[in-house]
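Q: this one's structure only:
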Ligand SMILES: [Zn+2]
């Protein structure tokens, strides 16, 4: 046995030396795709309906991480996109929610909102955005530094935050879709003072308008056996149509004075995103010189549709079958323009999504709805009675409770007493599963479980003083549609597929984490890791000759 191990090791050493001698050609382009609210099981549930050139191609010829998770709470879009590209969690990058209560300015802030910049391509406030609240670098930033700013970064996303946070602080451009009454791709003065001609041309091309048509299923709806019935009580639907069922005439539904807004919430939003991304590759000549470029690409119609119709709907199934075609078109385009083997692409999500709790209840699975306004009132009543002081609770936001430090100080109420009495009280309430205090989260490290996830999402400076966790499948939401935000598996388990340059063929069921993506890309590119990286390179898939040395 011992002799066998020795021979095996000797063999590996030879293999390593050989591999290290042949220098890997770097990819000319990295494409990082985030699909908003994509659960891992969409890959397996809809597998038989996918074509050969989209998801299946990436999985069959690339590397599939089957047990990939978010390692923090809350699992929202802003934190998700930031974590994928910075290789760390809200603890460090500071994007602790889509919005949060800013205890220094005493107001709610939006993760990408920036009043110091002006809109470009529109007059609307939808253009007042930048990455200034993200405190750390993304791998796209590190690539810019490494290439002396010659390697480009372009961000494309239906949502502003899905475009801006991935592209980082040094991006040449980030573009996002402004629906409303305009239906245009826009940006902000953080990046440029006017849209480049190719974006103007795209906006004038009638592309967006052409999707104001009927949305029916891609294939015969009778063949959609992998989703629930088309009409049921667990779906929302569109204004102007009684039932949440196919087909949807998009020329007639939604708000007439904001006629493009509805497109975001249909499968066509992903088509529009793809059309614009392909135009960006061509116009910006991405991947066409020796310095590696980065394209960040965020598909968000999936999220709007999940929120409206739920993760088990026919609408979701149709959206993923169509997204599969978008991915195929993108791969074909990259093969033609950048060349097969010259690019590296990954696909993941920003969070998952829960089955509609009302549906779960109907099949006897514990689930529920939490009334957060009532909860906030209860907290205020409790603290007023217990400490004989009003206004001790300043804000309750993203399952975090912010104390009013001024009132606390004036009334000489001890922080730790308020913290422990309130935590104890909260834990007695129905639908509350766990409670963590600032003191717990700031001292020592949780290694696994909910504590570790809460801690990874807890930014000492920005987060609140008590964090509470609801029962499984219990959400603050309407009784129709799905949402997300928890540390439970339906929200944390996300796909991760790598394909192309530097990537071996294979798959693993070992647990990997979202924060591992950025250091993995950095390793392929041979650049510095993003400055607060906490993840580690996914050695099993790296085609560098080092992967064999793990055991
Ligand atoms: Zn969402």
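A: Now that the structure is in, tell me what you want to look at. What you are looking at is a predicted structure, and each value in this text was computed from that prediction instead of being measured.
Q: Going by C-alpha atoms from here, please, whenever you check contacts or count neighbours.
A: OK.
Q: which residue ranges form the helices in the stretch 401-550 of the chain?
A: In the stretch 401-550 of the chain, the helices defined using DSSP state H, counting those that start in this stretch lie at 405-410, 415-428, 438-442, 449-456, 489-492, 517-525.
Q: Which of those helices sits closest to residue 237?
A: Taking CA to CA, helix 489-492 is the member of those nearest to residue 237, at 22.8 Å.
Q: Could I get the average pLDDT for that closest one?
A: Model confidence over helix 489-492, given as mean pLDDT, is 98.
Q: now do stretch 380-387
A: Confidence for stretch 380-387, expressed as mean pLDDT, is 97.
Q: May I see the helices of the stretch 401-550 of the chain arranged in a markdown table, with distance to residue 372 as well?
A: What follows is the helices of the stretch 401-550 of the chain, written out as a markdown table (distance: least, CA to CA, whole Å):
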| stretch | distance to residue 372 |
| --- | --- |
| helix 405-410 | 22 |
| helix 415-428 | 12 |
| helix 438-442 | 21 |
| helix 449-456 | 19 |
| helix 489-492 | 20 |
| helix 517-525 | 34 |
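Q: The ones you listed: which one's closest to residue 304?
A: Comparing those by CA to CA, helix 489-492 comes nearest, at 15.5 Å.
Q: Residue 247: what's it in contact with?
A: Contacts for residue 247 (CA atoms under 8 Å, 6 or more residues apart in numbering) come out as 214-217.
Q: Could I get the pLDDT score of it?
A: Looking at residue 247, its pLDDT stands at 97.
Q: Give me the distance between it and residue 226.
A: 19 Å (CA to CA, to the nearest Å).
Q: my read: residue 398 touches residue 97, true?
A: Yes - proximity of residue 398 to residue 97 meets the contact threshold set by CA atoms under 8 Å, at 7.1 Å.
Q: Overlap of the contact sets of these two?
A: Residues touching both residue 398 and residue 97 by CA under 8 Å, 6+ apart: residue 74.
Q: Between those two, which is the more surrounded one?
A: When neighbours are counted by other CA atoms under 10 Å, residue 398 and residue 97 differ, and residue 97 comes out ahead with 24 against 20.
Q: hang on, isn't that one packed against residue 78?
A: Yes - if you go by CA under 8 Å, residue 97 and residue 78 touch, sitting 6.0 Å apart.
Q: what residues do the two have in common as contacts?
A: Both residue 97 and residue 78 are contacted by residue 111, under the criterion CA under 8 Å, 6+ apart.
Q: Distance from the chain centre to stretch 304-320, please.
A: How far stretch 304-320 lies from its chain's middle: 17 Å, per CA atoms, centre = their mean, to the nearest Å.
Q: who touches that stretch?
A: Applying CA under 8 Å, 6+ apart, the contact partners of stretch 304-320 are 37, 42, 46, 217-218, 221, 224, 226-230, 234-237, 244, 264-267, 302, 353-356, 480-483.
Q: Run through this structure and note the low-pLDDT ranges.
A: Where the chain drops to pLDDT under 70, the residues are 1-24, 544-551.
Q: Grab the nearest non-local neighbour of the residue most central in space within it.
A: Closest to where the C-alpha atoms of the chain average out (CA atoms, centre = their mean) is residue 350, at 1.8 Å. In space, and not counting its chain neighbours, residue 350 is closest to residue 80: 4.1 Å by CA to CA, 6 or more residues apart in numbering.
Q: residues touching the one you found, list them.
A: By CA under 8 Å, 6+ apart, residue 80 lies in contact with 349-351.
Q: what does residue 394 give?
A: Neighbour list for residue 394: 401-404 [criterion: CA under 8 Å, 6+ apart].
Q: do the same with residue 329
A: Contact analysis of residue 329 by CA under 8 Å, 6+ apart lists residue 54.
Q: any idea how far the helix or strand harbouring residue 282 is from the chain center?
A: In the assignment (DSSP states H and E), residue 282 maps to helix 268-283. In this view, helix 268-283 has its centroid 19 Å away from the chain centroid, taken as CA atoms, centre = their mean.
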